[in-house]
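[1] 3D model of this:
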Amino acid sequence: MARFDLTGKVALVAGASRGIGEAIAHGLAEHGATVICTSRKLEPCETVAANIRSKGGKADAMVLHLGEIETHQAALDAIKDKHGRLDILINNGATNPYFGAAHETPEWAYDKTMDVNLKGPFYLTSKAIPIMLESGGGSVVNVASIDGIQPGLLRVVYGMTKAGLINMTKGFAKEYSQQGIRVNALLPGFTDTKLAAGLKDNPIMETYVNMNLSLKRMAQPEEMVGAVLFMVSDEASYFTGQGMVVDGGAVI
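    Numbers count the residues shown, from 1 in each chain. The predicted structure is shown next:
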């Protein structure tokens, strides 16, 4: 288990206020990392950080909205000033404000989905890389989706952003892995989060789960943590530019 020890590492988790991001933040802290919990609202992140500290972990909370580029640098500067390094970046934020026919997609919904799901992770990663290089390297995990490789119904733009995020993962890995920064992606399937709430409550999804998921149930956010712990750990030292599918057997 020593190769999964993250003691001394500093990790920034975007979208850490709930769901998969919150679960990842707890998992990283349980393995020794100092975790910076961020989202567009400070209060829920402070709650997550306090819960981590109550269990003996190390955590801070900051405002960072993936879809608002101007919030990125201030958070990164604060991390560098306080901790002097950044070793792990988890790009976890996502949105899908429109669920419906592709040809009726409002332009505002298209722009918001692109800003949060793709543009934000690109620029946050771009700004984090210089700090990681100064620290001697690091690991980036982009939380994508199986929609990026197998488009979902009535959410074309969401799938487009996740496909772009997967390609972005490969591009950054090709460019920076030789400098000690590994970049990988997590591809969750149908997971019990706020983002999936609208789908979860749809009776049609019960049919989907029974017909398409080998495990016949949706995932819990905590079931994504093990894959992330592997990707950011020394155990994954030869693992980069990859997308790890954790979907209960949906894409097969």
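[2] Could you use CA atoms for every contact and neighbour count after this?
    Noted.
[3] now the strands: where do they sit in the protein?
    Secondary structure of the chain (DSSP state E): strands at 10-14, 34-39, 58-63, 88-91, 138-143, 181-188, 243-246.
[4] Quick check: mean pLDDT of stretch 232-245?
    Averaging pLDDT along stretch 232-245 yields 97.
[5] let me fix that: stretch 5-20
    Mean per-residue pLDDT for stretch 5-20: 97.
[6] in that stretch, what's buried?
    For stretch 5-20, the neighbour count (16 or more other Cα atoms under 10 Å) marks 5-6, 9-20 as buried.
[7] ok, back up a step: just put the strands of the chain in JSON lines and tack on distance to Asn212.
    Listed next are the strands of the chain as JSON lines, based on distance: least, Cα to Cα, whole Å:
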{"stretch": "strand 10-14", "distance to Asn212": "30"}
{"stretch": "strand 34-39", "distance to Asn212": "32"}
{"stretch": "strand 58-63", "distance to Asn212": "38"}
{"stretch": "strand 88-91", "distance to Asn212": "27"}
{"stretch": "strand 138-143", "distance to Asn212": "22"}
{"stretch": "strand 181-188", "distance to Asn212": "14"}
{"stretch": "strand 243-246", "distance to Asn212": "14"}
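[8] Could you list the low-confidence segments of the stretch 51-200 of the chain?
    The model of the stretch 51-200 of the chain has pLDDT under 70 over residues 195-200.
[9] change it to 90
    Residue ranges of the stretch 51-200 of the chain with pLDDT under 90: 93, 152-153, 190-200.
[10] ok, which stretches of this structure are helices?
    Taking DSSP state H as the criterion, the chain contains helices spanning 19-30, 42-54, 72-83, 107-114, 120-134, 156-176, 197-200, 204-212, 225-232.
[11] And the fourth one, how far out from the chain middle?
    Mean-position distance between helix 107-114 and its chain equals 19 Å (Cα atoms, centre = their mean, to the nearest Å).
[12] does Lys58 really touch Ala33, like I thought?
    Yes. Using Cα atoms under 8 Å, Lys58 is in contact with Ala33, at 7.0 Å.
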